[in-house]
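Participant: after the sequence you'll find the predicted model.
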Amino acid sequence: MTETTVLPEDSTLLNTVIFAGFVLVTLFVVYRVSSQRTSSDYFAAGGRFTGAQNGIALSGDFLSAASFLGIAGAIAVHGYDGFLYSIGFLVAWLVNLLLIAERVRNTGRFTMGDVLSFRMRQRPVRAAAAVSTLAITFVYLIAQMAGAGGLVALLLGVHSTGGQAIVIAVVGLVMMAYVLIGGMKGTTWVQIIKATMLLLAVALITIFLFGKFGYDFTALLTEAAANNPNGRDILGPGLLYGGSDLEHLDFLSLSLALVLGVGGLPHVLMRFYTVPNAREARRSVVWATWSMAGFYLCTLVIGFGAAALVGSEAIVNAPGGENSAAPLLAYEIGGTVMLGVISAVAFATILAVVAGLTLTASASFAHDIYANVLRRGKTDSDQTVKVARMTALVIGGISILGGILVNGQNIAFLVGLAFAFAASANLSTLLFALFWRRFNTTGTLWGIYGGLGACLLLVVFSPVVSGAPEAILPDVDFAFFPLKNPGIVSIPLSFLFAIIGTFVGKERPDPERLDEMEVRSLTGIGSRGA
């Protein structure tokens, strides 16, 4: 293939048909399995999923289009250093497995606010937890919606701004249909279907690749090095992050955000409530970890395979840049049909992730703010679900508008920012609430708002927003923070704020509530479904 390779025009119709078929099939599944008699059904599927089912759904919720297209492209162009993203994402699940999954499942019911407010003053802590959840999911959601526009330009040949805006709107409408019709149960089945498709797709491509090189991985790597301008340097570290000390520090900051951010992502935490007990919550993390381990190992083969068969320069020069690696490789080894399947998987990935994010944000607002802050717990299940559905419509509309506005901007920054927000605001308060008996309401509020504020401030005054050619505002310069990701500063600050706030606050935790939370988190006695 030449360096000007683009996706074939005759694939557009097939891509559209396969994608439309996926949407119709999954909407039918969502309609058939939907059961929303109570708020527990809508928010947590009644806790009726097994650990294996929820684990596959967790992997579907977490593996976004960036994981599929972005990592494969990064490996194809930058080699070993591109694979470091995969390692960071995978290691992050150890935090959930060892520290969070079981205790969160035993302590809460629907949202992260349930855990944080268990032994604190309910209203301010739930409000803070909801603000954190909405901020993180909104940034993550906009990134996914805007990513839909970029994928359309690559896979369907829609290059006009208006055309991409229409597709972003269509993705948003389908997403809202999933959430409104199916709730958590329907959305979970969409995640399971999508994860299965994604895992099968990368496994097929991996097998085909090995077949082309006689099942000799060394031959594949040799050819990949030959078709990359950096030669054999792509097989070792330092190509992407081996520059100045500042670049090393920036990579360390990003890695810290990725590894610690997963433990604070609201849509991941919410999935622990869809299983009947803590044992199944742990099993779901194990299933998710093994599923994603297999996926990321396949991306290693796919990335180097794309470099070997397509060529790094052809990938960089194609529409979509590095993101085009997997589709171009699919066309190279399987023709238009394989390209159509990969296109459908890519779109399914976006739809499933944004549906899970929308459900999380609407549940947090309805359960934490409306039911417990505004109505002080004096509301019925039907009204709470109604508010959640209305919130989903509002969030969907805002995310469509936000995705259109930032389409073409630095989308990777938005995803990294969501992880930095999650690690900065949620992880410190969750861990302290679960493990530190002295922790109190003031510490919770300082940790959440301090972490969010520090993260936002550092990003606004970083090269990502201004002062650099690739910045969101390249023509102005008000940056004073040199790193592109604030995690290395904002995450320790959130822990520090939480500790200071705890000792500044005058209230003492209720000993009875402390004991109850400790027993419940460790044993599950008294929790829903125990």
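Facilitator: Now that the structure is in, tell me what you want to look at.
Participant: OK, contacts around the residue most central in space within the chain?
Facilitator: Nearest to the geometric centre of the chain sits Phe62, at 4.6 Å (C-alpha atoms, centre = their mean). Going by C-beta atoms under 8 Å, 6 or more residues apart in numbering, Phe62 touches Phe89, Val262, Leu265, Val268, Ala288, Met292. Just so you know, the C-beta spots here come from the backbone N, C-alpha and C atoms, and that holds for glycine as well.
Participant: wait, a strand at Arg109?
Facilitator: No - read with DSSP: H, G, I helix; E, B strand; the rest coil, Arg109 is coil and lies in no strand.
Participant: elements contacting the longest helix along the chain?
Facilitator: Using DSSP state H, we find that the single longest helix of the chain is helix 161-212. On a contact count with 3 or more C-beta pairs under 8 Å, 6 or more residues apart in numbering; DSSP states H and E, helix 161-212 meets helix 11-33, helix 39-44, helix 51-62, helix 122-155, helix 217-226, helix 278-309, helix 325-364, helix 381-405.
Participant: by mean pLDDT, show me the worst of the ones you listed.
Facilitator: Among the helices and strands packed on helix 161-212, helix 39-44 carries the lowest mean pLDDT, a mean of 69.
Participant: quick one, which of the helices and strands packed on helix 161-212 is nearest to Gly447?
Facilitator: Closest of these to Gly447 is helix 122-155, at 8.8 Å (criterion: C-beta to C-beta).
Participant: show me how far that closest one is from its chain's centre.
Facilitator: Distance of helix 122-155 from its chain centroid, counting by C-alpha atoms, centre = their mean, to the nearest Å, is 9 Å.
Participant: kindly report the same for stretch 162-175.
Facilitator: With C-alpha atoms, centre = their mean as the basis, stretch 162-175 stands 20 Å off its chain's centre.
Participant: can I get the CA coordinates of it in CSV?
Facilitator: C-alpha atoms of stretch 162-175 as CSV (Å, rounded to 0.1, in the frame of the first residue of the first chain):
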residue,chain,number,x,y,z
GLY,A,162,-22.3,19.8,9.2
GLY,A,163,-22.2,16.2,8.3
GLN,A,164,-20.2,15.2,11.3
ALA,A,165,-22.5,17.3,13.5
ILE,A,166,-25.5,15.4,12.2
VAL,A,167,-23.8,12.1,13.0
ILE,A,168,-22.9,13.3,16.5
ALA,A,169,-26.6,14.1,17.0
VAL,A,170,-27.6,10.7,15.7
VAL,A,171,-25.2,9.0,18.2
GLY,A,172,-26.6,11.1,21.0
LEU,A,173,-30.2,10.2,20.1
VAL,A,174,-29.5,6.5,20.0
MET,A,175,-27.6,6.7,23.2
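Participant: list the buried ones in that stretch?
Facilitator: Gln164, Ala165, Val167, Ile168, Ala169, Val171, Gly172, Val174, Met175 (16 or more other C-beta atoms under 10 Å).
Participant: identify the residue spatially nearest to the second one, adjacent ones excluded.
Facilitator: If I follow you right, that is Ala165. Closest residue to Ala165 apart from its sequence neighbours, by C-beta to C-beta, 6 or more residues apart in numbering: Ile404 at 4.6 Å.
Participant: what's the closest non-adjacent residue to Ser64?
Facilitator: Nearest non-adjacent residue to Ser64 (C-beta to C-beta, 6+ apart): Val353, at 4.9 Å.
Participant: so the one you found is in contact with Thr137, correct?
Facilitator: No - judged on C-beta atoms under 8 Å, Val353 makes no contact with Thr137 at a distance of 10.7 Å.
Participant: now Leu473: phi and psi?
Facilitator: When read as degrees, to the nearest 10, the backbone of Leu473 gives phi -120, psi 80.
Participant: how close does it get to Val460?
Facilitator: Look at Leu473 and Val460: by C-beta to C-beta, to the nearest Å, they are 10 Å apart.
Participant: okay, helices next: where are they in the stretch 351-500 of the chain?
Facilitator: In chain order, the stretch 351-500 of the chain shows helices spanning 381-405, 411-421, 428-435, 441-460, 487-504, with DSSP state H, counting those that start in this stretch as the criterion.
Participant: so which of the ones you listed is nearest Glu332?
Facilitator: Short answer: helix 411-421, nearest of the helices of the stretch 351-500 of the chain by C-beta to C-beta, at 25.3 Å.
Participant: quick check: which ranges of the stretch 101-250 of the chain have low pLDDT?
Facilitator: By pLDDT under 70, the low-scoring segments of the stretch 101-250 of the chain are 147-157, 159, 242.
Participant: switch the cut-off to 80
Facilitator: 108-110, 142-161, 163-164, 167, 171-172, 174-186, 238-245, 247 (pLDDT under 80).
Participant: Leu297: neighbour count?
Facilitator: When neighbours are defined as other C-beta atoms under 10 Å, Leu297 has 15 of them.
Participant: what does Ile395 give?
Facilitator: Summarising burial for Ile395: neighbours were counted as other C-beta under 10 Å, giving 26.
Participant: same deal with Ile342?
Facilitator: Residues near Ile342, counting by other C-beta under 10 Å, number 27.
Participant: next: the one 5 residues further on.
Facilitator: Applying other C-beta under 10 Å, we find 27 residues neighbouring Phe347.
Participant: wait, what's in contact with the closest residue to Asp216 other than its chain neighbours?
Facilitator: Distances taken as C-beta to C-beta, 6+ apart place Phe210 nearest to Asp216, at 8.0 Å, with adjacent residues excluded. Neighbour list for Phe210: Asp216, Phe217, Leu220, Val301 [criterion: C-beta under 8 Å, 6+ apart].
Participant: of those residues, closest to Arg119?
Facilitator: For these, the nearest to Arg119 is Val301 (48.1 Å; C-beta to C-beta).
Participant: right, and that closest one touches Phe217 too?
Facilitator: Yes - counting by C-beta under 8 Å, Val301 touches Phe217, with 7.5 Å between them.
Participant: ok, these two, which is more surrounded?
Facilitator: With neighbours defined as other C-beta under 10 Å, Val301 and Phe217 compare such that Val301 has more, 22 against 14.
Participant: so who does the more buried one touch?
Facilitator: By C-beta under 8 Å, 6+ apart, the neighbours of Val301 are Thr206, Leu209, Phe210, Phe217, Leu220.
Participant: export the residues you listed to a markdown table and tack on distance to Ala72?
Facilitator: Converted to a markdown table, the contacts of Val301 look like this (distance: C-beta to C-beta, whole Å):
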| residue | distance to Ala72 |
| --- | --- |
| Thr206 | 11 |
| Leu209 | 12 |
| Phe210 | 16 |
| Phe217 | 16 |
| Leu220 | 14 |
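Participant: and of those residues, the nearest to Arg376?
Facilitator: Nearest to Arg376 among the contacts of Val301 is Thr206, at 54.2 Å by C-beta to C-beta.
Participant: number of residues surrounding that closest one?
Facilitator: The burial count for Thr206: 18, using other C-beta under 10 Å.
Participant: distance of it from Ala306?
Facilitator: Distance, Thr206 to Ala306, by C-beta to C-beta: 12 Å.
Participant: go on, Leu14?
Facilitator: 21 Å.
Participant: with neighbour numbers in mind, choose between these two.
Facilitator: Ala306 (32 against 17).
Participant: is it true that the more buried one touches Asn323?
Facilitator: No - applying C-beta under 8 Å as the test, Ala306 and Asn323 come out as separate, 11.2 Å apart.
Participant: quick check: neighbours shared by the two?
Facilitator: Shared contacts of Ala306 and Asn323 (C-beta under 8 Å, 6+ apart): Gly73.
Participant: give the contact list for the residue nearest to Ala165.
Facilitator: Going by C-beta under 8 Å, 6+ apart, Ile404 touches Met145, Ala146, Gly149, Ala165, Ile168, Ala169.
Participant: now, the most widely separated pair of these?
Facilitator: It's Ala146 and Ala169 that sit farthest apart of those, by C-beta to C-beta, at 12.3 Å.
Participant: specify the angle between the one helix or strand His248 maps to and helix 122-155 in degrees.
Facilitator: If you go by DSSP states H and E, His248 is part of helix 245-261. Here helix 245-261 points in a direction 120 degrees away from that of helix 122-155 (axes from the mean of the first three to the mean of the last three C-alpha atoms, to 10 degrees).
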